[in-house]
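Enquirer: sequence first, predicted model second:
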Amino acid sequence: MDRQIPSGQGDAGEDRPRSSGRDVARAVRERLGNRAIVLVGLMGAGKTTVGRRLASRLNLPFRDADHEIEAAAGMPISDIFAIYGEPAFRDGERRVIARLLGEGPLILATGGGAYMNAETRARIAGEGVSVWLKADHETLMRRVRRRSHRPLLANADPEGTMRRLIEERYPVYAEADVTVESYDMPHDQVVAAVVAALETWFETQEGEG
């Protein structure tokens with residue numbers, strides 16, 4: 001069941017004693033076992049930036065699927081799209097994520113389209129805990145305008161493309177185990193919300209078990 005906790009709203013259980021951030025992070029790390037925490041969401045949601053800080057908070061390795069794909073292919077993702085096309089990129093993406101999920105506990109940031117693949121979603125469900133970093137259209141566009149390497153936005157109507165991607169992908173992202181809203185605020189605040197949401201999710205799973 002999806003648990004949605006906006007950034008900055010940490011503990012849903014106001015009546016229970018508050019644990020320190022370090023204690024919560026330790027508890028999340030222990031409950032994770034050998035699984036990966038997999039960040040999903042659209043481009044501009046903050047998966048890489050938040051992922052690096054989350055990895056530091058939980059003392060786990062960080063992997064970025066897009067960077068791993070570029071390393072394996074020996075070229076930027078934009079060139080992979082241009083030379084081989086999106087289907088070839090998606091196939092490589094699927095294989096890279098499957099490999100990374102087998103590397104033990106880590107934080108994994110995925111590309112915006114990765115979670116749309118049913119096989120990848122099933123693998124993440126079996127070997128990881130998925131966290132959707134959710135942001136609205138305006139926030140996403142404000143962030144992606146700072147960079148020019150987004151192949152899916154390399155067209156005459158990037159805003160329209162982003163709206164289409166939101167419409168197509170958000171219902172699928174909503175299948176993630178945890179949802180945390182990613183607004184324009186200090187990244188550490190988003191990280192704290194992710195850790196709190198994960199703690200709540202693990203407690204719910206244990207209660208249902």
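Expert: The structure has been received and is ready for your questions. Residues are numbered from 1 along each chain as shown.
Enquirer: my read: residue 90 touches residue 115, true?
Expert: No - checked against Cβ atoms under 8 Å, the pair residue 90 and residue 115 is beyond contact range at 11.6 Å. All C-beta atoms are positioned from the backbone trio N, CA, C, and that covers glycine.
Enquirer: so for these two, which sits in the more crowded spot?
Expert: Taking neighbours as other Cβ atoms under 10 Å, residue 90 and residue 115 compare with residue 115 leading, 23 against 16.
Enquirer: residue 30 versus that one, what's the distance?
Expert: 26 Å (Cβ to Cβ, to the nearest Å).
Enquirer: repeat that for residue 205.
Expert: 14 Å.
Enquirer: OK, contacts around the residue minimising distance to the centre of the chain?
Expert: Centroid check for the chain by Cα atoms, centre = their mean gives residue 39 as the closest residue, at 1.5 Å. The contact partners of residue 39, taken as Cβ atoms under 8 Å, 6 or more residues apart in numbering, are 47, 50-51, 54, 107-110, 131, 133.
Enquirer: hmm, 10 Å instead?
Expert: Residues counted as contacts of residue 39 (Cβ atoms under 10 Å, 6 or more residues apart in numbering) are 45-48, 50-51, 54, 62, 64-65, 107-110, 115, 130-133, 176, 178, 180, 182, 194.
Enquirer: and residue 101, by the same measure?
Expert: 35-36, 38, 63, 108, 120, 123-124, 126-128.
Enquirer: select only the buried ones of those residues in ChimeraX?
Expert: Written as a ChimeraX command, the selection of buried residues from these, which uses 16 or more other Cβ atoms under 10 Å, is:
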select :35,36,38,63,108,120,123,124,127,128
